[in-house]
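S.K.: Pasting the sequence and the predicted model now:
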Amino acid sequence: MPAFRFDNTYTRLPRLFYSKQGAVAAPAPKLVLLNHALARDLGLDFSGMDDAALAALFSGKVLPQGAEPFAQAYAGHQFGGFSLLGDGRALMLGEHVAPDGRRVDIQFKGSGPTRYSRSGDGRAALGPMLREYVISEAMQALGIPTTRSLAVVATGQPVYRERPLPGAVLTRVAASHLRVGTFQYAAAQGDPALVATLVEYALERHYPHLKDAASPGLALLQAVGERQLALVVEWLRVGFIHGVMNTDNVTIAGETIDYGPCAFMDAHDPTTVFSSIDHQGRYAFGNQPRIMLWNLARFAESLLPSIDADGERAVEQATAVLHALADTFEAGWLAMMGRKIGLSGSESDDRALCDDLLSWMTQARADHTNTFRALAVDGLPSEAVFADPAFGQWHARWRARLGRQGDALPAVFERMHAANPAYIPRNHQVEAALAAGSTGDLAPMHRLLEVLADPYAARDGLDDYAQPAVPDGQVYQTFCGT
Ligand code: AMP
Ligand code: MG
């Protein structure tokens with residue numbers, strides 16, 4: 001048995017925050033993927049275990065020593081409507097403390113029903129769990145905060161969606177699974193002491209330097225707001241659409257979580273939506289900043305009793321923080337866009353320069369990823385899409401701006417390459433890898449993972465991974481909770 005070093009702090013919170021649970025049944029578990037690099041980082045040694053033992057471990061059939069499985073309670077605004085929720089298909093094994101002192105939650109996803117499953121079966125299909133694995137690992141390699149995927153095991157048990165699908169369990173690793181929705185759950189109990197307890201716990205775990213802040217609630221709002229808005233800036237950088245930015249999917253640690261309906265866009269278009277259930281485009285690419293601010297406003301509401309005993313003053317202070325966070329986002333976005341087009345220093349026209357490029361990209365249906373890579377050449381890029389005179393005008397303005405900053409073009413291009421990936425998880429490549437993986441052929445998945453592990457270095461022979469395949473006009477769709 002590997003040496004998980006469990007030290008569970010969450011279960012020291014009041015009982016209404018979780019529900020203990022027994023082991024999990026998996027009739028014929030089979031190991032599909034194991035993240036060796038992540039295991040090494042976490043100080044976990046699985047070398048003494050064969051695939052059967054690993055499959056039993058990562059399906060929950062055999063619990064490791066020190067595991068105390070439980071499901072977390074939380075609430076959340078889903079597409080704007082408030083519900084009491086909880087881990088309906090996830091089970092926490094415990095908090096593992098890595099050799100470097102880092103504490104991470106080890107959680108099964110798809111391991112069966114819990115107290116919070118409502119009408120759901122608590123299970124997950126293999127395809128979506130492979131999807132979470134590949135996209136979360138891609139995010140990690142892109143340098144974007146994310147939960148990680150340690151293993152995928154096929155359970156040998158079908159799950160019934162529109163048709164029977166092979167079932168699977170994903171082992172997710174996260175800084176924690178505390179969410180905005182955890183605070184909403186605490187606030188919904190109507191006892192300010194519960195919110196205070198949770199604030200103290202979250203500060204201790206994720207922001208220990210803020211423990212002695214004059215207003216713990218306000219300090220937490222500010223810190224989480226900064227991390228979450230910085231995260232959205234990163235999503236916008238790489239064309240990532242989360243797809244289900246409900247408040248229960250917004251973590252206090254600031255990691256991207258819940259890879260259900262997410263996808264990367266090809267043609268740049270702020271109105272892009274992939275999720276089959278997002279009919280109003282609430283979680284469209286360009287709405288993500290506004291939605292994150294909305295989610296942070298819900299967070300602020302749940303924190304009010306921990307911000308100030310005087311309700312009116314609490315609202316005033318929270319509002320001021322939210323306004324400042326919106327400004328922080330704008331500055332962060334401009335700095336990110338500046339990196340994408342190689343700017344240094346700042347000029348009053350920079351915002352317009354960035355906006356105008358994105359507007360041109362939208363109307364030209366230019367690829368979000370490849371456009372920024374193509375810009376880093378002497379002269380005009382040669383691809384057909386750039387023959388547009390409107391682009392030529394923008395290009396001349398941009399080059400004049402670069403000319404005034406006085407650093408040589410090779411240095412500018414190097415900076416641009418560090419901000420603009422050559423490879424993202426293209427939808428057709430992900431789908432092909434999942435389709436093969438679901439029938440037991442993991443070669444395309446391993447190849448895709450290898451390409452995405454080094455996203456900023458363009459390599460020969462990988463053109464198939466650098467191009468969108470879905471012809472324009474054809475709509476790619478993703479599915480939630482599958
Ligand atoms: P999500 O949209 O994936 O964040 O899920 C929202 C809520 O639904 C969470 O509380 C999940 O645990 C729960 N849920 C999703 N899928 C299932 C399922 N198959 N069975 C039970 N609960 C589920
Ligand atoms: Mg979720």
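M.R.: The structure has been received and is ready for your questions. Numbering: from 1, shown residues only. Ligands and ions are numbered 1, 2, ... in the order given.
S.K.: hey, what's Thr171 bridged with?
M.R.: Per DSSP bridges, the residues bridged to Thr171 are Phe108, Ala151.
S.K.: Run a quick check on it versus Ile106, I expect a contact.
M.R.: Yes - the pair Thr171 / Ile106 is scored as a contact, 6.6 Å apart, by Cβ atoms under 8 Å. In short, each C-beta sits where N, CA and C put it, glycine included.
S.K.: any common contacting residues for those two?
M.R.: Common neighbours of Thr171 and Ile106, using Cβ atoms under 8 Å, 6 or more residues apart in numbering, are Leu150.
S.K.: So for those two, which sits in the more crowded spot?
M.R.: Thr171 (27 against 22; other Cβ atoms under 10 Å).
S.K.: Check what pLDDT the more buried one gets.
M.R.: On the pLDDT scale, Thr171 is placed at 98.
S.K.: and the gap between it and Leu203?
M.R.: To Leu203, Thr171 is 28 Å away according to Cβ to Cβ, to the nearest Å.
S.K.: Test my guess that Gln72 contacts Leu91.
M.R.: No - using Cβ under 8 Å, Gln72 makes no contact with Leu91, being 9.5 Å away.
S.K.: ok and the residue in the stretch 251-400 of the chain nearest ligand 2?
M.R.: The minimum distance from the stretch 251-400 of the chain to ligand 2, using Cβ to the ion, falls at Asp258 (4.0 Å).
S.K.: list the contacts for that residue?
M.R.: Applying Cβ under 8 Å, 6+ apart to Asp258 gives the contacts 242, 244, 249.
S.K.: Could you do Ala71 as well?
M.R.: Each residue near Ala71 by Cβ under 8 Å, 6+ apart is listed here: 18-19, 21, 86-87, 90-92, 114-116.
S.K.: for it, helix, strand, or coil?
M.R.: Following DSSP: H, G, I helix; E, B strand; the rest coil, we place Ala71 in the strand state.
S.K.: what's the answer for Phe82, then?
M.R.: From three-state DSSP, the assignment for Phe82 is strand.
S.K.: count of neighbours near the nearest residue to it once chain neighbours are set aside?
M.R.: Distance criterion Cβ to Cβ, 6 or more residues apart in numbering; nearest residue to Phe82, sequence neighbours excluded, is Ala75 at 6.7 Å. As a burial measure, Ala75 scores 25 neighbours (other Cβ under 10 Å).
S.K.: Which strand residues bridge Ala75?
M.R.: Beta bridges link Ala75 to Leu84, judged by DSSP bridges.
S.K.: Test my guess that it contacts Gly81.
M.R.: No - look at Ala75 against Gly81 with Cβ under 8 Å: they stay out of range, at 11.1 Å.
S.K.: Quick one: residues in contact with the helix or strand in which Ala202 is found.
M.R.: Following DSSP states H and E, one finds Ala202 within helix 192-206. Outside helix 192-206, the residues that touch it by Cβ under 8 Å, 6+ apart are 9-10, 13-14, 16-17, 103, 175-176, 178, 182-183, 186-187, 210-211, 213, 216-217, 219-220, 223, 252-253, 302-303, 305-306.
S.K.: now, which of those residues lie within helices?
M.R.: Among the contacts of helix 192-206, the members found in helices (DSSP state H) are 182-183, 186-187, 216-217, 219-220, 223, 302-303, 305-306.
S.K.: Neighbour count, distance to ligand 2 and pLDDT added to these, as a markdown table?
M.R.: Shown next, in a markdown table, are those (neighbours: other Cβ atoms under 10 Å; distance: Cβ to the ion, whole Å; pLDDT from 0 to 100):
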| residue | neighbour count | distance to ligand 2 | pLDDT |
| --- | --- | --- | --- |
| Thr182 | 27 | 12 | 98 |
| Phe183 | 30 | 15 | 98 |
| Ala186 | 29 | 18 | 98 |
| Ala187 | 22 | 19 | 98 |
| Pro216 | 20 | 26 | 97 |
| Gly217 | 25 | 24 | 98 |
| Ala219 | 21 | 26 | 98 |
| Leu220 | 26 | 21 | 98 |
| Ala223 | 19 | 22 | 98 |
| Ser302 | 24 | 17 | 98 |
| Leu303 | 27 | 21 | 98 |
| Pro305 | 19 | 26 | 96 |
| Ser306 | 26 | 24 | 97 |
